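Colleague: Here's a sequence, model it:
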Amino acid sequence: MTIVAGASTIATGRLDLVWLSPEIVGGLLDRALAELDGVAISHVWVAENDGLLRLRHRQAEADPDQAAWLLRAIVERASRALVGHIGFHGAPGVNALAAEDAVELGYTVEPAHRRLGYAREAVLGMMEWARGEHGIRRFLASVSPSNEPSLGLVRKLGFVPIARVQDDGGGEEIVFELVQE
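Modeller: I've put the predicted structure just below:
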């Protein structure tokens, strides 16, 4: 099965942020889908991200209004390589602080594609989409104190630390905030 995402894609300079709809995520989990918008999706990637895919699938099924916020493949446009994934934890209000006016970013870039600016570009693309399409001005990012690359990225983007929380796995995270005027 092949699905073309079309209008659901956010385009940045080098990247396509391809929306993983509930139907697409279901196809990935069922192993019925191995290609998306011309991008090969390996079963290894699906297995490594099984927990996240299942979480976001349940979230979208429980509240379809959340779906567009949840998960996108980060695709390098020129090579059509899957370089990672990005999304918000949900629509405004679904975040570490339960702040009604904020969305919380989450992202991962695959090891072979790190240190190339893809995370920065994808984060900026998602923020631009949320601001332009939904008027969101407050962004959060929860980062493990040991995740130096992500700590550096959020600081470079102007996020400031505002709280510490325990993530779902029991680890401590620093909550960063960026408010755009």
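
Colleague: right, and Val39 touches Leu82 too?
Modeller: Yes. The pair Val39 / Leu82 is scored as a contact, 5.3 Å apart, by CB atoms under 8 Å. No exception for glycine: its C-beta is placed from N, CA and C like everyone else's.

Colleague: Residues that sit against both of these two, list them.
Modeller: Residues within reach of Val39 and of Leu82 at once, by CB atoms under 8 Å, 6 or more residues apart in numbering, are Ala73, Val75.

Colleague: Quick check: next helix or strand after the worst-scoring helix or strand of the chain on mean pLDDT?
Modeller: Between all helices and strands in the chain, the lowest mean by mean pLDDT, DSSP states H and E belongs to strand 2-3, at a mean of 40. Scanning forward in sequence from strand 2-3 by DSSP states H and E, the next helix or strand is strand 9-11.

Colleague: So what's the gap between that next one and the chain middle?
Modeller: 13 Å (CA atoms, centre = their mean, to the nearest Å).

Colleague: if you average pLDDT over it, what comes out?
Modeller: When pLDDT is averaged along strand 9-11, the result is 93.

Colleague: just checking, what packs against it?
Modeller: Applying 3 or more CB pairs under 8 Å, 6 or more residues apart in numbering; DSSP states H and E, we find strand 9-11 packed against strand 15-19, helix 118-134.

Colleague: Could you rerun that using 10 Å?
Modeller: Packing partners of strand 9-11 (3 or more CB pairs under 10 Å, 6 or more residues apart in numbering; DSSP states H and E): strand 15-19, strand 72-76, helix 118-134.

Colleague: buried ones in the last one?
Modeller: Using 16 or more other CB atoms under 10 Å as the burial criterion, the residues of helix 118-134 that qualify are Tyr118, Ala119, Arg120, Glu121, Ala122, Val123, Gly125, Met126, Met127, Trp129, Ala130.

Colleague: now the helices and strands packed on strand 9-11 in TSV, with mean pLDDT?
Modeller: Formatted as TSV, these follow (pLDDT from 0 to 100):
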stretch	mean pLDDT
strand 15-19	95
strand 72-76	96
helix 118-134	96
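
Colleague: Distance to Val103 for those - can I get that in TSV?
Modeller: Conversion of these to TSV gives the following (distance: least, CB to CB, whole Å):
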stretch	distance to Val103
strand 15-19	15
strand 72-76	13
helix 118-134	6
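
Colleague: so which of the ones you listed comes closest to Ala99?
Modeller: Nearest of the helices and strands packed on strand 9-11 to Ala99, taken as CB to CB: helix 118-134 at 13.7 Å.

Colleague: Report the distance from that closest one to the chain centre.
Modeller: 10 Å.

Colleague: Repeat that for stretch 57-74.
Modeller: Taking mean C-alpha positions (CA atoms, centre = their mean), stretch 57-74 and its chain are 11 Å apart.
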